[in-house]
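Peer 1: Okay, here's the prediction I keep looking at, along with the sequence it came from:
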Amino acid sequence: MTPRGFLYDEPGGWFLGDGAVIVGLYAAANGLRAVADRQDILANNIANAATPGFRRQRVIDKGFYPVFLDKARRPIWTDGVRAPGGGLQTTETFSDFTSGGIRTTGNPLDVALQGPGFFAVETPQGERFTRNGTFTVDTDGQLATPDGFKVLGEGGGGIDVRGGRVQFARDGTVYVDGAPTGRLRLVEFEDAHMLTREGANLFRASEAALRRSAPAAETEVLAESLELSNVRLPYELIQMTMGLRLYEANQRVITAIDETASRVIQDVGTPQ
Amino acid sequence: MIRAMFTAATGMIGQQLHVDTIANNLANVNTTGFKKSRVNFQDLIYETLKPAGTETAAGQLVPEGIQVGHGVRPSSISKLFTPGNFVQTGNPLDVAIEGDGFFQITLPDGTTAYTRDGSFKLDANGQVVTADGYLLEPAIVVPTDYVQIVIGSDGVVSALVANQTAPQNVGEIQLVRFVNPSGLDARLGRNLLTETDASGTPIAGQPGQDGLGTLEQGFLESSNVQVVEEIINLILAQRAYEASSRVITSSDEMLQTANNIRR
């Protein structure tokens, strides 16, 4: 990190540098910022409460390490002791991959996954992964997402579902009118948290994540069903209410410090 | 926070569309051959505030970074072609398709539309038409002095005429199917669908052949809307809408709080 004057403005918070005064003010400001970030993420979860296969995001908030522990940058006023921390910061977001529950729809092209696996989808940007099994048929007669991306089979190509009745077996084999035409490529990641969210229900896997992935062994395919979003509204709303109050509390801190500073300037500076 | 407001707005707009679709499904719960629609939702793009793998103040590597989503968008509204119930009407010109396929209807402008609504009528010339008077294609003309009409499961229409012992063949009903029926255009209403690039071109054939369904005379296919399912969806949509509206209220309060920092 390169120092930029008094403050380092980094994603997740303001880091204090030498010469910054009234540390509490920035600690509270960082709190406001972190809480606002968290509210944004909760809002996205709530907006996707009814999106099939959506995985809710969670935020890890963390206090700053007490500032200036590093001797070289320790200012005079922290001499020998730990300086106050910089408040709250958003350190990371991660996707919660717990199952969202299964709902039977009766639509033959709806497929749900039970277990840790993902469907593989071919997009113009490369292979992507999804838990959303609302599929349709594209003009080539192949299984596709509503956006027209082909759902990949085990061989790497699409799955032909032209013809009559489409059925999915528990192992992912696709039958059309009773005859197998392919098998869904289902991928399990050693650590699904390494996946990046791309929107459109798609996840991108890095090279490293792909290296540590394997064809599904513990994932079962449920036909004529959809996996629901794993957003739990009460949880999200409670978090949001807590966030709101925390935001208010941080604001009060700023007001209080402001008042104190005002007293110091006006009262102390006034000759008796 | 401003982002949270717009995110919540996408949630409300999406659920509004969800409710609109449910309302149309429920309104058509008794529409012959109606196929219910469903809104498919997707999450919107994510903004990466901090990419995974960056270094924190303490010199650690962030394993996951910070990604903030922007809400939800409806990706498509798909028609679900699950079969409806078959209702016996006893009317000889009511025909249900048991399986895949659509009837072909000639519109007044000469183009072809497709329907699963088989409640046909005869016009003044004895031609088989829909309730709106659009001709069935290929055209079938029934002699005006007919006594009985028989429609075979293979689509052959025969009419027994007064004072004759053997019924005469008056035509054949053809069905068509599409690779992707969900891609058909429902713009016309009136139970009629039209071809699009997404649906693929119609593949015509005789009922019962090439994967096409068979015909059932004296029956109608009822709507495939399940009231219970729609009501449950309606409750879910309403609650999701409500939750997003709470987000807006909450964000508003936070903005107010921020405004109160400097009194």
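Peer 2: Nice, thanks for sending it over.
Peer 1: And the closest residue to B:Arg73 other than its chain neighbours, how far from B:Gln168?
Peer 2: Leaving aside its sequence neighbours, B:Arg73 sits nearest to B:Leu44 (Cβ to Cβ, 6 or more residues apart in numbering or on different chains; 5.4 Å). C-beta coordinates here come from the backbone N, C-alpha and C atoms, glycine included. With the distance defined as Cβ to Cβ, to the nearest Å, B:Leu44 ends up 62 Å from B:Gln168.
Peer 1: Those two: which has the busier surroundings?
Peer 2: Taking neighbours as other Cβ atoms under 10 Å in any protein chain shown, B:Leu44 and B:Gln168 compare with B:Leu44 leading, 19 against 11.
Peer 1: show me the contacts for that one.
Peer 2: Contact analysis of B:Leu44 by Cβ atoms under 8 Å, 6 or more residues apart in numbering or on different chains lists A:199, B:10, B:69-73.
Peer 1: gap between the two ends of stretch A:48-55?
Peer 2: Terminal residues of stretch A:48-55 lie 9 Å apart, using Cα to Cα, to the nearest Å.
Peer 1: How about residues contacting it?
Peer 2: So stretch A:48-55 is contacted by A:56, A:95-97, A:100, A:130-134, A:201, A:226-231, A:233, A:236, B:11, B:14-15, B:18, B:40-43, B:69, B:71-72, B:236-237, B:239-240, B:243 (Cβ under 8 Å, 6+ apart).
Peer 1: For PyMOL, write the selection for the buried entries among those.
Peer 2: Buried members of the contacts of stretch A:48-55, defined by 16 or more other Cβ atoms under 10 Å in any protein chain shown, are picked up in PyMOL with:
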select buried, (chain A and resi 56+95+97+100+130+131+132+133+134+201+226+227+228+229+230+231+233+236) or (chain B and resi 11+14+15+18+40+41+42+43+69+71+72+236+237+240+243)
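Peer 1: Which of the contacts of stretch A:48-55 fall within helices?
Peer 2: Counting by DSSP state H, the contacts of stretch A:48-55 place A:233, A:236, B:11, B:14-15, B:18, B:236-237, B:239-240, B:243 in helices.
Peer 1: TSV for these, including distance to A:Ser213?
Peer 2: Formatted as TSV, those follow (distance: Cβ to Cβ, whole Å):
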residue	distance to A:Ser213
A:Leu233	32
A:Glu236	30
B:Gly11	32
B:Gly14	32
B:Gln15	35
B:His18	34
B:Leu236	33
B:Ala237	36
B:Arg239	36
B:Ala240	33
B:Ala243	34
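Peer 1: Can you lay out the residues you listed as a markdown table showing pLDDT?
Peer 2: What follows is the ones in helices among the contacts of stretch A:48-55, written out as a markdown table (pLDDT from 0 to 100):
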| residue | pLDDT |
| --- | --- |
| A:Leu233 | 90 |
| A:Glu236 | 93 |
| B:Gly11 | 94 |
| B:Gly14 | 94 |
| B:Gln15 | 95 |
| B:His18 | 95 |
| B:Leu236 | 91 |
| B:Ala237 | 93 |
| B:Arg239 | 92 |
| B:Ala240 | 92 |
| B:Ala243 | 93 |
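Peer 1: Taking those together, which two end up most distant?
Peer 2: Pairwise distances among those were taken by Cβ to Cβ; the largest, 18.3 Å, belongs to A:Glu236 and B:His18.
Peer 1: does the helix or strand bottoming out on mean pLDDT in chain B come close to chain A?
Peer 2: Least confident helix or strand of chain B, by mean pLDDT, DSSP states H and E, is strand B:46-50 with a mean of 85. Yes. Legend: contact between strand B:46-50 and chain A by Cβ under 8 Å from any Cβ of the partner chain is shown at B:46, B:48-50.
Peer 1: Neighbour count added to the residues you listed, as TSV?
Peer 2: Formatted as TSV, those follow (neighbours: other Cβ atoms under 10 Å in any protein chain shown):
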residue	neighbour count
B:Tyr46	18
B:Thr48	15
B:Leu49	17
B:Lys50	19
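Peer 1: circling back: from B:Leu220, how far off is the residue nearest to B:Arg73?
Peer 2: From B:Leu44 to B:Leu220 the distance is 42 Å (Cβ to Cβ).
Peer 1: same deal with B:Gly205?
Peer 2: According to Cβ to Cβ, B:Gly205 and B:Leu220 sit 22 Å apart.
Peer 1: quick one, which of those two is more surrounded?
Peer 2: Neighbour count, other Cβ under 10 Å: between B:Gly205 and B:Leu220, B:Leu220 has more, with 21 against 16.
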